[in-house]
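> need the 3D shape of this:
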Amino acid sequence: MMIKNFRLILLLSLLSGMLSAQEMENTFPQNWQGDWKGTLEIFNGKGKVQSIDMALEIHKIDTSTQGRFTFGLVYGSKEQDWRPYELVPVAPEKGLWQVDEKNTIIMESYMYGPKLLCWFTVQKSRILCTYEKTDENTMVFEVISGQESAISSTGGTKTEEEDIPVVETFPFSVFQRAILKKE
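Alright, predicted model coming up:
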């Protein structure tokens, strides 16, 4: 009986090792590499206001750069708006990366579940960018932005025995979405 249990444990250990190696090959950003193209649609409260061609290029740079990848964004064409960013590992085991814009701007980004998230403020706007690979050939890119200043503040009271926290809400001004296909 002990020999059977030992064999089963050994087999499970070997299988889990194989799965780990397979998972390693299918991890971010390795399994996101490629050229992704689609149309970015831009919306405000009145509806769609603009559509523009968009591309995202993700490629391993080389082994001497400690696991950096290109993370180039193109709006329209490279002649119109080319952003040759880089994706830099910080603590990938914790989901922490950086997007280096190559102009002194470096933003922390987080790989949580299926999404790469980056949340920042610039020129009094709060912006959330998300990238989600939904299958082998499809990625969804979204940007949500609005003013950094709250438009309302409610709560901050006591009801019976419960302390109600202050809740601030923030306005939206733009929502952008692109469904990108791998080429």
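> please name the bridge partners of Gly146.
According to DSSP bridges, the partner residues bridging Gly146 are Arg126.
> state the distance from it to Val49.
Here Gly146 is placed at a distance of 15 Å from Val49 (Cβ to Cβ, to the nearest Å). Quick note: C-beta positions are derived from backbone N, CA and C, even for glycine.
> the more surrounded of those two?
Under the neighbour definition other Cβ atoms under 10 Å, Gly146 and Val49 were set side by side, and Gly146 has more, 16 against 11.
> tell me the contacts of that one?
With Cβ atoms under 8 Å, 6 or more residues apart in numbering as the criterion, the residues that contact Gly146 are 125-126, 170-174.
> where do the domain boundaries of the protein fall?
According to the domain assignment given by automatic domain parsing, the chain is divided into the following structural domains: 1-26, 33-182.
> can you give me the strands for this structure?
If you assign secondary structure with DSSP state E, the strands in the chain sit at 34-44, 47-60, 69-75, 82-91, 96-100, 106-112, 115-122, 125-135, 138-147, 152-155, 158-159, 162-163, 166-169, 174-182.
> grab the most central residue of the chain for me.
With distances taken as Cα atoms, centre = their mean, the residue of the chain nearest its centroid is Leu116 (1.8 Å).
> who's in contact with that residue?
Taking Cβ under 8 Å, 6+ apart as the contact definition, Leu116 lies against 28, 97, 109-110, 130-132.
> still on that earlier bit, pull the most distant pair out of the contacts of Gly146.
By the measure Cβ to Cβ, Phe170 and Val174 form the most distant pair in the contacts of Gly146, at 12.9 Å.
> looking at the two, which is more packed in?
Applying other Cβ under 10 Å to Phe170 and Val174 shows that Val174 carries more neighbours, namely 16 against 12.
> ok so, going back, reformat the domains of the chain as TSV; add mean pLDDT.
Formatted as TSV, the entries for the domains of the chain read as follows, by pLDDT from 0 to 100:
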stretch	mean pLDDT
domain 1-26	41
domain 33-182	95
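> what's the most buried one of the ones you listed?
Per-residue neighbour counts averaged over each of those give the maximum for domain 33-182, namely a mean of 14 (mean count of other Cβ atoms under 10 Å).
> how close does Phe43 sit to Glu142?
The span separating Phe43 from Glu142 equals 11 Å under the rule Cβ to Cβ.
> overlap of the contact sets of these two?
Counting by Cβ under 8 Å, 6+ apart, the residues touching both Phe43 and Glu142 are 175-177.
> about what we covered before: just give me the closest of the contacts of Gly146 to Asp53.
Out of the contacts of Gly146, the one with the shortest distance to Asp53 is Val174. That distance is 18.0 Å, counting by Cβ to Cβ.
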